[in-house]
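> Can you look at this prediction? I've put the sequence above it.
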Amino acid sequence: MGNPYAGEVALELNGQRQVLKLTLGALAELEASLQAETLVALIERFESGAYATRDVAALVLAGLRGGGWNGTAQDLAEADITGGPLEAARAAAALLALAFTVPGAAQS
């Protein structure tokens, strides 16, 4: 498991544990990959369950890069994710929530 107090989420790719984190650079990459969309719109899509596979892939890729992974979008597309697409979506949602939550803050 990643360190949630540092905004980290763990995901296993090709049998290797990777740490995902949305750094400022990773967030900028995420905004660029989503083109004209905003991060608020992405958060709203995840909260409503109306997210697309491309949203999950872009978020996971940005988080992997923020965690120090040097792979490409193609590498991620070809990777074996332990837990499959559902685990990737869970990790993406957790990553997004942690990036915009103050550690120790009460959840409502």
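Perfect, thanks for sending it.
> need the strands for the chain, in chain order.
Here the chain has its strands, by DSSP state E, at 8-13, 16-21.
> Show the average pLDDT along the last one.
Think strand 16-21. Average pLDDT, strand 16-21: 96.
> Which other helices and strands does that strand contact?
Under the contact definition 3 or more Cβ pairs under 8 Å, 6 or more residues apart in numbering; DSSP states H and E, strand 16-21 sits against strand 8-13, helix 53-66, helix 84-99. C-beta coordinates here come from the backbone N, C-alpha and C atoms, glycine included.
> which regions of the chain lie under the pLDDT threshold?
1-2, 5, 35-37, 102-108 (pLDDT under 70).
> if you set the cut-off to 80 instead, what comes out?
For the chain, applying pLDDT under 80 flags the ranges 1-6, 29, 31-43, 45-46, 50, 100-108.
> Correct me if wrong: G66 contacts L20.
Yes - using Cβ atoms under 8 Å, G66 makes contact with L20 at a distance of 6.7 Å.
> Comparing these two, which residue is more hemmed in?
A direct count of neighbours by other Cβ atoms under 10 Å for G66 and L20 places L20 higher, at 28 against 23.
> could you measure the closest residue to the more buried one other than its chain neighbours against A57, distance?
Computed as Cβ to Cβ, 6 or more residues apart in numbering, the closest residue to L20 that is not its neighbour in sequence is G63, at 3.0 Å. Per Cβ to Cβ, to the nearest Å, G63 is found 11 Å from A57.
> quick one on the thing from earlier: looking at the helices and strands packed on strand 16-21, which is closest to V40?
helix 84-99 (11.0 Å; Cβ to Cβ).
> Tell me the helices and strands packed up against the closest one.
Counting by 3+ Cβ pairs under 8 Å, 6+ apart, helix 84-99 packs on strand 8-13, strand 16-21, helix 39-48, helix 53-66.
> Touching the last one from outside, list them.
The set of residues external to helix 53-66 that reach it, using Cβ atoms under 8 Å, 6 or more residues apart in numbering, is 9, 11, 13, 18, 20-23, 25-27, 29-30, 33-34, 42, 45-46, 71, 73, 76-77, 85, 88-89, 91-92, 95-96.
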